[in-house]
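S.K.: coordinates only, no sequence provided:
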């Protein structure tokens, strides 16, 4: 085995050469920032034989082949492909931060499953995955519906019906693609599915054995994955049913199958202290090698700005919680509208003073980026629990104020009136979400009432509590059907998901604005603190010039029926109910088509058509009043 240095290739990772490989390594940030570390602290390249836990070769990365904290070394050895490798820093074994596959981490949550190293088999067998003409769906944000899931939790339960060896894996997720497609969603967002360190054995304070075999106390499990990672460039081996050296192809197969079904794949990635250059390298690799369609990024504003400005990512969806206000307008960028969750929940449970905030979030359309709305996400109650519990039933943190409502009984009950009200509230939540401009996001399992037994923060639980329960009773089946219908309604009416803000004015001079507000009187609504009802009308002509359809959404979160005034529509076709929640009572349209009686705590959507007469004395909406 021969070695030499190459000071002119500041890459990181491993590159194949004619007679071996080049290794580029930079000291991880946690070591650079540690007080005990000094520039002269030596680092080593460790080579392991395939089935051995101890290295057979240890090569010091001396100062003469280093530049700062970066080292590059070339090894000439035709048998290198049969080896595994890692690095040693300050007496600890450190996996290559740029490693693209790993050994010793194929069992989720097991801290002592072997030394984590990277394989060099690709030197002999380069990537030959057959993408079969795979193409990105490229669905615009305004036409997108997101579905967020945890790969392991989604199919780990026996109730998933997935074969045991595939439960909690990318292969198991592939088996659920027909279900996901049936919902009408367009993108699947995966919670961290790269090599995050769930046991903290490889990152600071963790368990990875040093060369003396010393271990530290076992830390708490992190099921979700929002922790530092040791392998940002590799799919999580524990999420693969395939345990061979080519396990990463399972992720590629999943992406290819998702794309074939018209679904985009979005990866959540939690970058703690990683420098922007590494983050961009990582994103490029996932786009290039795995064909992912976008990323939900947790990173510094400096890193986010670099990602947005990167021309290679110009067609890749980039999502985060908040973008800096100085960021230029970009339509491939979106932010989570976390504020809408609180407003929606408070309005739905009937809190005072929510009408004005509700109007704001329904029309909200940022100029600089797209917006993603949700009523539930991974953090907090599931939709089923949101209307089954007033309080969280866990001790490990979580939201103190969930703006939830148990509908009269805390937790499970057989009381029919309570169960009916809970069904109404859940359906209302889904329907309201579909009325909002921006892209809706559904939490996996909400569509069939998955529960976490009142736990709103199971980040450290790997059990049936955090796994999706696929058992479907009558209520769950009804909820699944309703969710599909609500999503279909949104997708059928472009006016509900425009690519430009709604103006509230009759800019087409057709006698009707694109969006208008109504109350006990048409074209007039009250917005004072005590109001819990409102009518919203959308004119489809502004989205489709060939359509004269009107959608009228009546929202009544009061505990008594409400008579909503209906604007004049084409009398020959009249107003008709297209969807409403399945409560005790049904909404009723008066014979003269001027009034809709909405049951308590209900949402009802009607369809009508613009009057054929020229204006017909109708208020155009330009002077619409509210108070």
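M.R.: That came through fine. Only a predicted model underlies this, so the values are computations on that prediction, with no experimental measurement involved. Residues are numbered from 1 along each chain as shown.
S.K.: going forward, measure contacts between C-alpha atoms and count neighbours the same way
M.R.: Noted.
S.K.: which residues touch residue 163?
M.R.: Going by C-alpha atoms under 8 Å, 6 or more residues apart in numbering, residue 163 touches residue 172.
S.K.: now the helices for this structure?
M.R.: 29-32, 151-155, 170-175, 177-182, 249-260, 276-290, 301-309, 338-348, 355-363, 383-386, 416-434, 474-492 (DSSP state H).
S.K.: with respect to burial, which of those helices scores highest?
M.R.: Of all the helices of the chain, helix 383-386 carries the top mean neighbour count, a mean of 27, counting by mean count of other C-alpha atoms under 10 Å.
S.K.: now do it, average pLDDT.
M.R.: Mean per-residue pLDDT for helix 383-386: 98.
S.K.: what's next to that helix, contact-wise?
M.R.: With contact meaning C-alpha under 8 Å, 6+ apart, helix 383-386 is reached by 375-376, 402, 404-406, 411, 426, 446, 449-454.
S.K.: so which of those is the closest to residue 516?
M.R.: Distance to residue 516, by C-alpha to C-alpha, is smallest for residue 375 among the contacts of helix 383-386, at 23.6 Å.
S.K.: what is the burial count for the closest one?
M.R.: Neighbour count of residue 375, defined by other C-alpha atoms under 10 Å: 26.
S.K.: got the helices of the chain as TSV, with distance to residue 459 columns?
M.R.: Below are the helices of the chain laid out as TSV (distance: least, C-alpha to C-alpha, whole Å):
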stretch	distance to residue 459
helix 29-32	24
helix 151-155	11
helix 170-175	20
helix 177-182	24
helix 249-260	23
helix 276-290	24
helix 301-309	25
helix 338-348	19
helix 355-363	29
helix 383-386	16
helix 416-434	24
helix 474-492	25
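S.K.: what's the least confident stretch among the ones you listed?
M.R.: For the helices of the chain, mean pLDDT drops lowest on helix 29-32, to a mean of 65.
S.K.: residues touching the closest residue to residue 275 other than its chain neighbours, list them.
M.R.: Distance criterion C-alpha to C-alpha, 6 or more residues apart in numbering; nearest residue to residue 275, sequence neighbours excluded, is residue 303 at 7.3 Å. The contact partners of residue 303, taken as C-alpha under 8 Å, 6+ apart, are 275-276, 279.
S.K.: same thing but 10 Å
M.R.: Residues near residue 303 by C-alpha atoms under 10 Å, 6 or more residues apart in numbering: 271, 274-280, 297, 309.
S.K.: wait, which of these is closest to residue 518?
M.R.: For the contacts of residue 303, the nearest to residue 518 is residue 297 (39.3 Å; C-alpha to C-alpha).
S.K.: quick one: residue 250 and residue 241 touch, right?
M.R.: Yes. Assessed by C-alpha atoms under 10 Å, residue 250 is found in contact with residue 241 at 7.9 Å.
S.K.: okay, and the common contacts of these two?
M.R.: Residues touching both residue 250 and residue 241 by C-alpha under 10 Å, 6+ apart: 169-171.
S.K.: I'd like those as a markdown table, with distance to residue 89 appended.
M.R.: Shown next, in a markdown table, are the shared contacts of residue 250 and residue 241 (distance: C-alpha to C-alpha, whole Å):
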| residue | distance to residue 89 |
| --- | --- |
| 169 | 33 |
| 170 | 33 |
| 171 | 36 |
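S.K.: between the residues you listed, which is nearest residue 323?
M.R.: Nearest to residue 323 among these, counting by C-alpha to C-alpha, is residue 170 at 30.8 Å.
S.K.: and the gap between that closest one and residue 115?
M.R.: The gap separating residue 170 from residue 115 is 24 Å, by C-alpha to C-alpha, to the nearest Å.
S.K.: averaged pLDDT, stretch 454-468. What do you get?
M.R.: For stretch 454-468, the mean pLDDT works out to 96.
S.K.: and that stretch, what's buried?
M.R.: 454-459, 462, 465-468 (16 or more other C-alpha atoms under 10 Å).
S.K.: could you do stretch 42-54 as well?
M.R.: Under the neighbour-count criterion of 16+ other C-alpha under 10 Å, stretch 42-54 has 43-49 buried.
S.K.: thinking again about what came up before, ok, the buried residues of stretch 454-468 vs residue 53, which is closest?
M.R.: Nearest to residue 53 among the buried residues of stretch 454-468: residue 462, at 28.2 Å, using C-alpha to C-alpha.
S.K.: just checking, the closest one touches residue 154?
M.R.: No. Shown here, residue 462 and residue 154 do not form a contact pair, counting by C-alpha under 10 Å, at 11.6 Å.
S.K.: so residue 165 touches residue 241, yeah?
M.R.: Yes. Residue 165 is within contact range of residue 241, at 6.3 Å (criterion: C-alpha under 10 Å).
S.K.: of these two, who's got more company?
M.R.: Neighbour count, other C-alpha under 10 Å: between residue 165 and residue 241, residue 241 has more, with 19 against 13.
S.K.: related to what we said a few turns ago, list residues touching both of residue 165 and residue 241?
M.R.: Shared contacts of residue 165 and residue 241, defined by C-alpha under 10 Å, 6+ apart, are found at 171-172.
S.K.: list the contacts of the residue nearest to residue 373 when sequence neighbours are not counted.
M.R.: Ranked by C-alpha to C-alpha, 6+ apart and with sequence neighbours excluded, the top spatial neighbour of residue 373 is residue 440, at 4.9 Å. Shown in contact with residue 440 (C-alpha under 10 Å, 6+ apart): 141-147, 185, 336-337, 371-375, 430, 433-434, 487, 490, 497.
S.K.: next: residue 369.
M.R.: 141, 318-319, 323, 327-335.
S.K.: out of those residues, which are buried?
M.R.: 141, 318-319, 323, 331-335.
S.K.: mind picking the lowest-pLDDT entry from these?
M.R.: Checking pLDDT across these, the minimum falls on residue 323 at 75.
S.K.: ok, that one - contacts?
M.R.: Counting by C-alpha under 10 Å, 6+ apart, residue 323 makes contact with 301, 304-305, 333-336, 368-369.
S.K.: which members of the buried residues of stretch 42-54 are positioned in strands?
M.R.: The strands, defined by DSSP state E, take in 43-49 from the buried residues of stretch 42-54.
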